[in-house]
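[1] dropping the sequence and predicted coords here.
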Amino acid sequence: MIKQNNPPLADAIEANDLDTFSELILVQENAKRGEQEERMRRARLLASDPYSLEAQRALEEEIRKENVEQLRQEAMEHMPESFAGASIIMLYVDVVVNGHKLKVSAAACEQRNNSCSSTR
């Protein structure tokens, strides 16, 4: 998972390069800290004059970002295969459903275990 989300960090770990690893961690932590400071600055702006046009735009952008992140997390949970870096091989099997021969994905058969039977 780290190789997909953070390839430079994964490369440093695989190469056992402690200096590069430490440098990457520091850069990433500084970036996170900067983002958090920016969020706090926007929160102070919003609190100082919540009805200003700039504050309303900042609030709208913050809500949009939170919604995007929530949808991304839900997608990671429910459809992790869509985030895979490599191609995915689908496995189809022959089944009989209510007397009809079909080809279905193995995942569909797994989800409906009791309604799929092999056509051996």
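    The structure has been received and is ready for your questions.

[2] all helices of this protein, in order?
    Taking DSSP state H as the criterion, the chain carries its helices at 2-5, 7-14, 18-48, 53-78, 106-111.

[3] go through the fourth one and flag the buried ones.
    If I follow you right, that is helix 53-78. 55, 58 (16 or more other CB atoms under 10 Å). The C-beta positions use only the backbone N, C-alpha and C, and glycine is treated the same way.

[4] for that helix, packing partners?
    With contacts defined as 3 or more CB pairs under 8 Å, 6 or more residues apart in numbering; DSSP states H and E, the packing partners of helix 53-78 are helix 18-48.

[5] now the residue nearest to the spatial centre of the chain: how far from Phe21?
    Residue closest to the mean C-alpha point of the chain, counted by CA atoms, centre = their mean, is Met76 at 4.3 Å. Counting by CB to CB, to the nearest Å, the separation of Met76 from Phe21 is 25 Å.

[6] and what of Glu61?
    For Glu61, the distance to Phe21 - CB to CB - is 34 Å.

[7] list the contacts for the residue nearest to Asp49 when sequence neighbours are not counted?
    Distance criterion CB to CB, 6 or more residues apart in numbering; nearest residue to Asp49, sequence neighbours excluded, is Ala55 at 5.7 Å. Contact analysis of Ala55 by CB atoms under 8 Å, 6 or more residues apart in numbering lists 45-46, 48-49.

[8] pick out the lowest-pLDDT one from those residues.
    Of all these, Leu45 carries the smallest pLDDT score, 78.

[9] what is the burial count for that residue?
    15 (other CB atoms under 10 Å).

[10] with Ala12 instead?
    Neighbours of Ala12 (other CB under 10 Å): 19.

[11] and the helices of the chain as TSV, adding distance to Asp94?
    Output for those, formatted as TSV (distance: least, CB to CB, whole Å):
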stretch	distance to Asp94
helix 2-5	33
helix 7-14	40
helix 18-48	49
helix 53-78	28
helix 106-111	10
